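Student: Please work out how this folds:
(one chain, ligands or ions: 1)
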Amino acid sequence: MRIGVGLPTTTPGADRELLLEWARRADAGFSTVAVLDRVVYDGYEPFVALAAAAAATRSVRLASMVAAGPLRPGALLTKQVASLAALAPGRLTIGLGLGARTDDYEAVGVDLRGRGDRLTDQLAFLRGGWRESRIGPTVETPQLLVGGMSGGAFVRMARYADGYAHGGGPARAFGSAAALARAAWRDLGRPGEPALWGQGYFALGGGDAGAAYLRDYYAFTGPFAEKVVAASLTSPRAIRDFVRSYADEGCDELVLFPTSARTPAGGARLKIAIVGGGPAGLYLSILLKQADRRHEIVVLERNPPDATFGFGVVFSDETLGKLRDADYESWLAITDSFARWNAIDIKFGESAFRSRGHAFAAISRQTLLTILQRRAAELSVDLSFEHEAADVDSLADADLVVGADGVNSTVRRLRERDFAPTVAPYPSKFVWFGTDLVFDAFTFVFRETERYPFDAGTSTFIVECNQATWEHAGLEGASEEDTLAFCADLFAEELGDHRLLSNRSVWLTFNEVRTRNWSSGNLVLVGDAAHTAHFTIGSGTKLALEDSIGLAEALVRRDDLTRALAEYELERKPLVERFQEAARESATYFENVVRYRELPPIQFAFNLLTRSGRIGYTNLTLRDPALVQRVDAHFGGRRLAPPPMFAPLQLGQMTLPNRVAAAPAVEDAAGDGSPGAGVGAALEEAAAAGTALVLTPFVAVASDARISRGTPGLYDDRQLDEWRRIVAAVQGVADARIALRLGHAGRRAATLPRSEGSDIPLPEGWPLLSASALPYTTRSVVPKAMDRRDMDVVRDRFAQAARRAVAAGFDALELDCAHGYLLASFLSPLTNTREDEYGGSLERRLRFPLEVLDAVREVWPAERVLSVRLTVADWAPRGLTQLDAIESARAFAARGVDLLVPVAGQTVAGGAPRYRRGYLVPFSDAIRSAVGVPTLTGGYVTTNDEVNTIIAAGRGDLCVLDPSPAAAA
Ligand SMILES: Cc1cc2nc3c(=O)[nH]c(=O)nc-3n(C[C@H](O)[C@H](O)[C@H](O)COP(=O)(O)OP(=O)(O)OC[C@H]3O[C@@H](n4cnc5c(N)ncnc54)[C@H](O)[C@@H]3O)c2cc1C
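Tutor: All right, here's what the predicted structure looks like:
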């Protein structure tokens, strides 16, 4: 990793001498000097400052990180970039972003709306249009980076830039953003890896050095400013740790920006009012008192101390370790009261599984609260029961007010604007009961009522079902008694002679709470008041207690209250969000569990256990090797078998030796449609790695169907000969098979090679075709809406190419109906606005792609595999619905397709992709279970563990394994 340093262009008091001296010194050792961009602020214009630095230095790289492109007219921006690139040849990096400041936009008189499109346009021009313009000096485009966190920002980056500029924060946040950047890069078929730049703030001097400047600079962000202050590095050790953690996350270049002001430290002892005497509030009071007995702490709880609303609380070993370290006394009392077990029972249809090795410990909520109340009282916390806090004004004399008042937090509501919460109800219904039956395992029971399943779990008896089941079963408006009777009857077999006990048990909807800011002034939220995670991963109390640990530690570490609160949030929020993500996966699983009723029982069990993504194949192997061996045996067809990724797969009449596919991103080749040596070598290398199926890059059915001039084709006999050689070479490697991805680029044709960006039109391209006359980007050529004759020609081209594919010896043919290319342009309502029989309803939009499939089917031998790559989500408003996706998948499947490849996005250039690890897997899961055809999936899957988990859980049949960034380096 290279280290750069920021020029102090926005730091108060930096004059000409300091700037130039700074740049000169950076030239002696740092990799880069970088500038920030801000119009309405006492600081230097970034490009002017870089020009000065260019004159004062010889070798250091100069970078904007990032400049707000849309503040400048596009041509002027290009002019400035061109000038700088000429003044500092070969050492310029231009980072561009949207800029978040309204006052900057107002000052330059540019409308804030539409700035995303303007930035896209500027990038497209810098990448492509510039060459054709007369805006000079004429130089090579410098290295381009794009910043931002939205899905749109990642696509913009992957389409036009060379890399990604992260906005700062903990290394974990950088790591997550870097993964999204890589996913977007691969999704757009860019070869290699994006350059990944990170940044941080520093001021040597300890304590609050630099804080005043940062507070001022980021004042426009409200409470976020404190997070920036909290994250800034004020000691050599902090800088060293920060640098190390960024290097670990795969950062290529880390730029440290200086801050220089200093502020004195604040006081210590506090008067603290905690609203809510649940686990979070009580535990926080204990930890704070324990840290400093001089704190004056009151806990206000509206209920009496023994108000029961009873369900069990489950903890993992990891949480218990944290509780032990935080307060040994309460840990002892809690662990003394535990019921422990290590099994999960899964009852599904006629099958029953017991999975072991999971180590649960549970305690009743009331016992936990009693222990915490006792310990708090011991430490002289003032516990005020039956005391409802209706406002925060009455707590005005407190230095710190903590909202520990649960999911419907009053504190959060009173400062709603500052905390900015979102409360999203989950669609399912649930009800919890008690039962006098003691379960000896965490038990899931799945029951069908009429058609739909139920599930239940824990010693507390929770029943959950989706909305349709609930309505179907006539439970809407059911009284407490009716609900109890219905559930007791449904689970009579499990309950035996035991009773189901109601405690105001009515059907509820679970609300997922997220809050943008966890503190506002001297108010801070902990536990359910700040966030909730669906109860099916049973982590609410754990997260609440760990929040309290995090907040208490931050208050001990920092004298400055505001800084401590920001630090607490910075540390906890990313961790909590990970749990919320897992909880969402888990909730989605239960919501859709009906999908999995056809799965073989062992696969059903594996799917359930790995539903949230927190446990995968490898982890389960450690917990429960016997169950995993049964999974392996199920796939391998014998008692001792290798992991599922090595299980053979039957596709039509072809047997693949394992479940791993490779789709190497290949540099565009020669320019005449021939695949060239690069493509052949990449495919052979993928085969040599042991993959069962190697997918070619996009291969065009005609010369005008190419994405760029270098896109390989299969439309003449010379190309056929080359492919024949490549196919034979790949097939010569062990058992490898090769699939041809055949397509027509439609309105995304005639662009520059992907190594230079994506969808940047060639200066002199060729006429384009599409379903409708809508250009792909604002700079793309307007395509011709195809008439019947065009359709005949294109259909015949596909058939001809398929004939050549037969002759070349391909094992499989994948028809490309994805990513906004020609056939996909017919499928989406966003790109097909035709009024004839090929537009309108889904059935009509499907007509032409199906015609093409039929033509290909006719020439493609039945014994070879035919597959369709299909966009099933546009990731853009008013695009394909899930129902559309399933219907079109069914239509293709009905024509005897052996394999479906569900993908998402790229239908339109904008849109909001949702990249994450394995982002295509949920689509595969949905299509596979709805349509019953094997699927190929992936979407930034880089480990064997992920492949094994996907295959074993039945979320896909074959998986594209992307090279991990470390392997690519
Ligand atoms: C069905 C279900 C099952 C669950 N199972 C588990 C599980 O197995 N494991 C697990 O860890 N978590 C589980 N949870 C989640 C868990 O209950 C919560 O996440 C946890 O209790 C949060 O703790 P808390 O202290 O933040 O909030 P709470 O426990 O909600 O405590 C908030 C307290 O504040 C009080 N209060 C509210 N407003 C005021 C006011 N204005 N003035 C004074 N007092 C006020 C309330 O009376 C309450 O005592 C489950 C939740 C549900 C719904």
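Student: Looking at the protein, which helix is longest?
Tutor: Longest helix of the chain, by residue count under DSSP state H: helix 561-591.
Student: in that one, what's buried?
Tutor: 561-573, 576, 579-580, 582-591 (16 or more other CB atoms under 10 Å). For the C-beta atoms, the positions are set from N, CA and C on the backbone; glycine is no exception.
Student: now swap in stretch 613-626 and tell me
Tutor: Across stretch 613-626, burial judged by 16+ other CB under 10 Å covers 613-617, 619-621, 623-624.
Student: hang on, the earlier thing: C-terminal to the longest helix of the chain, what's the next element?
Tutor: The element immediately downstream of helix 561-591 (helix or strand, assigned by DSSP states H and E) is helix 601-609.
Student: got the contact list for that next one?
Tutor: Around helix 601-609, the neighbours that count as contacts under CB atoms under 8 Å, 6 or more residues apart in numbering are 344, 346, 348-349, 351, 353, 355, 444, 589, 596-597, 599, 615, 620, 627, 630-631, 634, 952-955.
Student: Sort out for me which of these are in helices.
Tutor: Restricting the contacts of helix 601-609 to those inside helices, with DSSP H as the criterion, leaves 589, 620, 627, 630-631, 634, 952-953.
Student: Reformat those residues into JSON lines and put pLDDT next to each item.
Tutor: Shown next, in JSON lines, are the ones in helices among the contacts of helix 601-609 (pLDDT from 0 to 100):
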{"residue": "Tyr589", "pLDDT": "90"}
{"residue": "Leu620", "pLDDT": "94"}
{"residue": "Leu627", "pLDDT": "94"}
{"residue": "Arg630", "pLDDT": "95"}
{"residue": "Val631", "pLDDT": "96"}
{"residue": "His634", "pLDDT": "95"}
{"residue": "Ala952", "pLDDT": "97"}
{"residue": "Ala953", "pLDDT": "96"}
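Student: Pick the one among those residues closest to Arg365.
Tutor: Within these, distances to Arg365 taken as CB to CB reach their minimum at Tyr589, with 25.1 Å.
Student: where in this protein is pLDDT low?
Tutor: 205-207, 209, 260-268, 308-311, 449-459, 667-670, 966-969 (pLDDT under 70).
Student: still on that earlier bit, narrow the contacts of helix 601-609 to those that are buried.
Tutor: For the contacts of helix 601-609, burial is judged from neighbour counts taken by 16+ other CB under 10 Å, and it is met by 344, 346, 348, 353, 355, 444, 589, 596, 599, 615, 620, 627, 630-631, 634, 952-955.
Student: got a list of what Ser505 touches?
Tutor: Going by CB under 8 Å, 6+ apart, Ser505 touches 431-433, 480, 483-484.
Student: ok, so of the residues you listed, who is nearest Phe923?
Tutor: Val431 (31.8 Å).
Student: Name the residues of the helix or strand that closest one falls within that are buried.
Tutor: Per DSSP H and E, Val431 falls inside strand 429-435. Taking 16+ other CB under 10 Å as the neighbour-count basis, strand 429-435 is seen to contain the buried residues 429-435.
Student: Between the buried residues of stretch 613-626, which sits nearest the ligand?
Tutor: Distances from the ligand to the buried residues of stretch 613-626, taken as CB to the nearest ligand atom, are shortest for Arg614 (14.3 Å).
Student: can you give me the helices for the stretch 301-450 of the chain?
Tutor: Along the stretch 301-450 of the chain, the segments classed as helices by DSSP state H, counting those that start in this stretch run 317-326, 328-336, 365-378, 410-414, 416-419.
Student: between those, which one is nearest to the ligand?
Tutor: For these, distance to the ligand was read as CB to the nearest ligand atom. The smallest value, 3.8 Å, belongs to helix 410-414.
Student: in stretch 755-766, what counts as buried?
Tutor: Under the neighbour-count criterion of 16+ other CB under 10 Å, stretch 755-766 has 756-761, 765 buried.
Student: beta partners of Cys465?
Tutor: In this structure, Cys465 has beta-bridge partners Lys429, where bridges are defined by DSSP bridges.
Student: Surely it and Pro427 touch.
Tutor: No - distance between Cys465 and Pro427: 10.5 Å, which falls outside the contact criterion (CB atoms under 8 Å).
Student: higher neighbour count, these two?
Tutor: Neighbour count, other CB atoms under 10 Å: between Cys465 and Pro427, Cys465 has more, with 28 against 13.
Student: how far away is that one from Asp489?
Tutor: Note on Cys465: its distance to Asp489, by CB to CB, to the nearest Å, is 14 Å.
Student: And Leu508, by the same measure?
Tutor: If you measure Leu508 against Asp489 using CB to CB, the figure is 20 Å.
Student: same deal with Gly210?
Tutor: Summarising the geometry, the distance separating Gly210 from Asp489, computed by CB to CB, is 66 Å.
Student: Give me the more crowded residue out of those two.
Tutor: The residue with the greater number of neighbours, taking Gly210 and Asp489 and applying other CB under 10 Å, is Gly210; the counts read 26 against 10.
Student: I'd like to know how far the more buried one sits from Asn517.
Tutor: The spacing between Gly210 and Asn517, counted by CB to CB, is 22 Å.
Student: which one among the ones in helices among the contacts of helix 601-609 gets closest to Arg237?
Tutor: Closest approach between the ones in helices among the contacts of helix 601-609 and Arg237, by CB to CB: Leu620, at 39.0 Å.
Student: Quick check: that closest one touching Arg630?
Tutor: No - taking contact to mean CB under 8 Å, the distance of 11.2 Å between Leu620 and Arg630 leaves them out of contact.
Student: so who does the closest residue to Phe646 other than its chain neighbours touch?
Tutor: What sits nearest to Phe646 in space, not counting adjacent residues and going by CB to CB, 6 or more residues apart in numbering, is Asn658, at 4.9 Å. Under the criterion of CB under 8 Å, 6+ apart, the contact partners of Asn658 comprise 645-649, 690-692.
Student: Can I have the buried ones of these as a PyMOL selection?
Tutor: Paste this into PyMOL to select the buried members of the contacts of Asn658, with burial taken from 16+ other CB under 10 Å:
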select buried, resi 645+646+647+649+691+692
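Student: Pipe the contacts of Asn658 into CSV and attach secondary structure and distance to Gly151 per row.
Tutor: Supplementary listing: these in CSV, determined by DSSP: H, G, I helix; E, B strand; the rest coil; distance: CB to CB, whole Å:
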residue, secondary structure, distance to Gly151
Met645, helix, 29
Phe646, helix, 35
Ala647, coil, 35
Pro648, coil, 37
Leu649, strand, 32
Gly690, coil, 34
Thr691, coil, 29
Ala692, coil, 32
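Student: restrict the contacts of Asn658 to contacts with the ligand.
Tutor: With CB under 6 Å from any ligand atom as the criterion, no member of the contacts of Asn658 is in contact with the ligand.
Student: Closest one of the contacts of Asn658 to Glu140?
Tutor: Distance ranking of the contacts of Asn658 against Glu140, using CB to CB, places Thr691 first at 36.7 Å.
Student: What's the separation between that closest one and Ala739?
Tutor: For Thr691, the distance to Ala739 - CB to CB - is 11 Å.
Student: so Thr367 touches Thr335, yeah?
Tutor: No - contact between Thr367 and Thr335 fails when scored by CB under 8 Å: they sit 11.7 Å apart.
Student: any idea how far the ligand is from Leu599?
Tutor: Computed as CB to the nearest ligand atom, to the nearest Å, the Leu599 to the ligand distance reads 26 Å.
Student: list the contacts for the closest residue to Asn948 other than its chain neighbours?
Tutor: Excluding its sequence neighbours, the residue lying closest to Asn948 (CB to CB, 6+ apart) is Tyr617, at 3.7 Å. The contact partners of Tyr617, by CB under 8 Å, 6+ apart, come to 610, 628, 631, 643-644, 945, 948-949, 952.
Student: same for the ligand: which of those residues are within range?
Tutor: Counting by CB under 6 Å from any ligand atom, nothing from the contacts of Tyr617 sits close to the ligand.
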